[in-house]
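In: Below are the sequence and a predicted model for it; my questions follow.
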Amino acid sequence: MSTARIGRAEIQRLTERLSERDWAIIRFLERHRFATTIQLRRAFFTDHATPTAATRACVRVLDRLLTHRVVTRLERRVGGVKHGSASYVWCLDVVGDRLTRGDNGARWRLSEPSRSFLTHTLAITETHVQLREVEASGAFQLSTVQIETEAWRSYVAPGGAQSILKPDLMVTIRSEAYDDHWYVEIDLGTESLPVLLKKSRTYEEYRRSGRAQTEHGVFPRVLWVLSDETRVERLRAAIAAEPTLPDRLFVSTTPEALIGMLREPP
């Protein structure tokens, strides 16, 4: 199916054949831009006897959507060719773009992302998938998960300039007693410590603006997810030594300890 041949009638016929799960995958990719086969399997194919059976079912669905140009996959794989279809990275194709944006807005253009951008984006996707899995286990209830631009907020910085806070995610976890609000920042070792401190100062500027308190009633805590314990300790020490930063506002952890930190925050 070439791009030139895709008309409204064909889009409508395809829309009528899409399942509820197809739509869920499409909306997930619209929000995240990229996801691996395994991430999509964990998010949407949880009703199979084994992970292998679930992966096969996931690949069949993705291949069907691929045929209709609803989704496509990158040339670059995660884990290498030896992992087969499970190593593909998926995103929306031209039809998936039409289904999500309608006839308005900028047209779809796929360009191969840089390795650092893709790695960071997939780390955000992975965090969301983990949160969904823990919620499904009954450990906690997700009230809100906003991803990148959904979570961005404009505010007036000191001096009157307009600025934008850009978290990777904004998460609200609900319990019987109260809600825990978190801004989540994911760094996989690509940014220097001064860059992380500068972003932390942006959160303090945003806190002083009062906008988040108006929105949530409280100011969310900032959870830095860092590549290893060495970076965790370095950032903790740097924030503690910064007189303008209230260190209780910031929490640092590794990807492996992320869920435990959210379940029982310090």
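Out: That came through, no problem. Numbering: from 1, shown residues only.
In: So what does residue 45 have for phi and psi?
Out: Here is the backbone geometry of residue 45 (degrees, to the nearest 10): phi -130, psi 60.
In: Roughly how far does it sit from residue 13?
Out: 25 Å (C-beta to C-beta, to the nearest Å). Heads up, the C-betas are built off the backbone N, CA and C, glycines and all.
In: More neighbours: those two, which one.
Out: residue 45 (20 against 10; other C-beta atoms under 10 Å).
In: Spit out the contact partners of residue 234.
Out: Residue 234 makes contact with residue 193, according to C-beta atoms under 8 Å, 6 or more residues apart in numbering.
In: and if we set it to 10 Å?
Out: Residues near residue 234 by C-beta atoms under 10 Å, 6 or more residues apart in numbering: 193, 196, 226, 228, 252.
In: Tell me how far it lies from residue 170.
Out: The value you get for residue 234 to residue 170, if C-beta to C-beta is used, is 25 Å.
In: I'd like to know the average pLDDT value across stretch 39-55.
Out: Averaged across stretch 39-55, the pLDDT comes to 93.
In: How about that stretch, which residues are buried there?
Out: Of the residues in stretch 39-55, 39-45, 54-55 count as buried by neighbour count, 16 or more other C-beta atoms under 10 Å.
In: of these, closest to residue 121?
Out: Distance to residue 121, by C-beta to C-beta, is smallest for residue 39 among these, at 11.1 Å.
In: So the closest one sits against residue 90, correct?
Out: Yes. Counting by C-beta atoms under 10 Å, residue 90 is a contact partner of residue 39 at 8.9 Å.
In: what pairs with residue 162 across the strands?
Out: Listed by DSSP bridges, the beta-bridge partners for residue 162 are residue 156.
In: got the CA coordinates for stretch 90-105 in CSV?
Out: Provided in CSV are the C-alpha atoms of stretch 90-105 (Å, rounded to 0.1, in the frame of the first residue of the first chain):
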residue,chain,number,x,y,z
TRP,A,90,8.3,0.0,16.4
CYS,A,91,6.6,3.4,15.6
LEU,A,92,3.6,4.6,13.7
ASP,A,93,3.7,4.6,10.0
VAL,A,94,1.7,6.8,7.6
VAL,A,95,-1.7,5.2,8.2
GLY,A,96,-1.2,5.1,12.0
ASP,A,97,-0.3,8.8,11.8
ARG,A,98,-3.5,9.5,9.8
LEU,A,99,-5.6,7.5,12.3
THR,A,100,-4.3,9.5,15.2
ARG,A,101,-4.1,13.1,13.8
GLY,A,102,-7.0,12.9,11.4
ASP,A,103,-6.8,15.2,8.3
ASN,A,104,-5.3,18.1,10.2
GLY,A,105,-1.8,18.8,11.6
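In: Tell me the buried residues in it?
Out: Under the neighbour-count criterion of 16+ other C-beta under 10 Å, stretch 90-105 has 90-100 buried.
In: now swap in stretch 200-214 and tell me
Out: Applying 16+ other C-beta under 10 Å to stretch 200-214 flags 200, 202-207, 209, 211-212 as buried.
In: With only the CA atoms kept, save that stretch in PDB.
Out: The C-alpha trace of stretch 200-214 is given here as PDB (Å, rounded to 0.1, in the frame of the first residue of the first chain):
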ATOM      1  CA  SER A 200      17.300  20.600  39.200                       C
ATOM      2  CA  ARG A 201      17.500  24.400  39.600                       C
ATOM      3  CA  THR A 202      14.800  24.600  37.000                       C
ATOM      4  CA  TYR A 203      12.500  22.500  39.200                       C
ATOM      5  CA  GLU A 204      13.200  24.900  42.100                       C
ATOM      6  CA  GLU A 205      12.400  27.800  39.900                       C
ATOM      7  CA  TYR A 206       9.100  26.100  38.900                       C
ATOM      8  CA  ARG A 207       8.300  25.400  42.600                       C
ATOM      9  CA  ARG A 208       8.800  29.100  43.500                       C
ATOM     10  CA  SER A 209       6.400  30.000  40.700                       C
ATOM     11  CA  GLY A 210       3.600  28.300  42.500                       C
ATOM     12  CA  ARG A 211       1.900  26.800  39.400                       C
ATOM     13  CA  ALA A 212       2.400  23.200  40.500                       C
ATOM     14  CA  GLN A 213       0.900  23.800  43.900                       C
ATOM     15  CA  THR A 214      -2.100  25.300  42.200                       C
END
